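Peer 1: Would you be able to build a 3D model of this:
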Amino acid sequence: MIRVLLAEDQGMMRGALAALLDLEPDLEVVAQVPSGDQVVATALEARPDVALLDIEMPGLDGIAAAAELRTALPGCKVLILTTFGRPGYLRRAMEAGASGFLVKDGPVEQLAEVIRRAVEGERVIDPGLAAAALSAGPNPLSPRERDVLAAAAGGATVAEVAGSLFLSEGTVRNYLSAAIQKTGARNRIEAARIAERNGWL
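Peer 2: Numbering: from 1, shown residues only. Purely as a prediction, here's the structure:
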């Protein structure tokens, strides 16, 4: 029996997925959590073979939770489920050690098959997303540029971003300027939008 942990912040979606997976004769959902920061503690208790993680969750996002889980419980395979097929998300998920990356609109039979293949050691990626990721190329932003752009994305001032990231205002301006240039944007709001759309933030 393959033991599955399910992390999804929408209760109805989580319940439906768990019910559908439990219909499979060789799969058992042993734990469900609504946020990314509950993944590791729950996994250490439930000892799943596979963790299905949504990308967009409160606390930690699915990619950050995947990286922590790979460290805490290396034997657990991680599959990322997302509504958003953004190329940058796929690249970041693979860097975090995910065994698979799937868009949520596929059939549940396909998900069950991917779980089985992941347990056998395969890496499974949505083919359309893999092609998009290859054509999009790597994330042009450095980790610090990403942090600064993400902090500024909601309309925070340079001073507020500097305060929240413990940087000088001049340094924040330099990072924002670099991010604007690398994304080909006209301003930081557009840069954040481009980066978000590509899954770089």
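Peer 1: Could you tell me how far the longest helix anywhere in the chain lies from the centre of the chain?
Peer 2: In the chain, taking DSSP state H as the definition, the longest helix is helix 169-183. Distance, stretch centre to chain centre, for helix 169-183: 25 Å (Cα atoms, centre = their mean, to the nearest Å).
Peer 1: Measure how the following helix or strand past that helix sits relative to helix 169-183, angle-wise.
Peer 2: Following helix 169-183 in sequence order, the next helix or strand is helix 188-197 (DSSP states H and E). Going by axes from the mean of the first three to the mean of the last three Cα atoms, to 10 degrees, helix 188-197 is angled at 60 degrees with respect to helix 169-183.
Peer 1: Buried residues in helix 188-197, which are they?
Peer 2: Using 16 or more other Cβ atoms under 10 Å as the test for burial, helix 188-197 gives 188, 191-192, 194-196. Bear in mind the C-beta positions are built from the backbone N, C-alpha and C, glycine included.
Peer 1: Now do it: which elements does it pack against?
Peer 2: helix 143-152, helix 169-183 (3 or more Cβ pairs under 8 Å, 6 or more residues apart in numbering; DSSP states H and E).
Peer 1: sorry, back to before: which of the buried residues of helix 188-197 lies closest to residue 48?
Peer 2: Residue 48 lies nearest to residue 196 out of the buried residues of helix 188-197, by Cβ to Cβ, at 30.5 Å.
Peer 1: Which residue is the nearest non-sequential neighbour of that closest one?
Peer 2: residue 153 (7.1 Å; Cβ to Cβ, 6 or more residues apart in numbering).
Peer 1: residues contacting that neighbour?
Peer 2: 189, 192, 196, 201 (Cβ atoms under 8 Å, 6 or more residues apart in numbering).
Peer 1: pretty sure residue 28 is in a strand, no?
Peer 2: Yes: assigned with DSSP: H, G, I helix; E, B strand; the rest coil, residue 28 falls within a strand.
Peer 1: Pretty sure it sits against residue 18.
Peer 2: No: assessed by Cβ atoms under 8 Å, residue 28 is found out of contact with residue 18, at 9.9 Å.
Peer 1: out of the two, which sits in the busier spot?
Peer 2: Set residue 28 next to residue 18 and count neighbours by other Cβ atoms under 10 Å: residue 18 wins out with 18 against 15.
Peer 1: Can you tell me the element the more buried one falls in?
Peer 2: helix 11-22.
Peer 1: ok, and what's touching that helix?
Peer 2: 4, 6, 8, 27-29, 32, 34, 52, 104, 108, 111-112, 115.
Peer 1: Within the helices and strands, which one has residue 25?
Peer 2: Assigned by DSSP H and E, residue 25 belongs to no helix or strand.
Peer 1: just residue 81 next, same as before
Peer 2: Residue 81 belongs to strand 77-82, assigned by DSSP H and E.
Peer 1: what's the angle from that strand to helix 11-22?
Peer 2: Using the same axes, to 10 degrees: strand 77-82 against helix 11-22 is 130 degrees.
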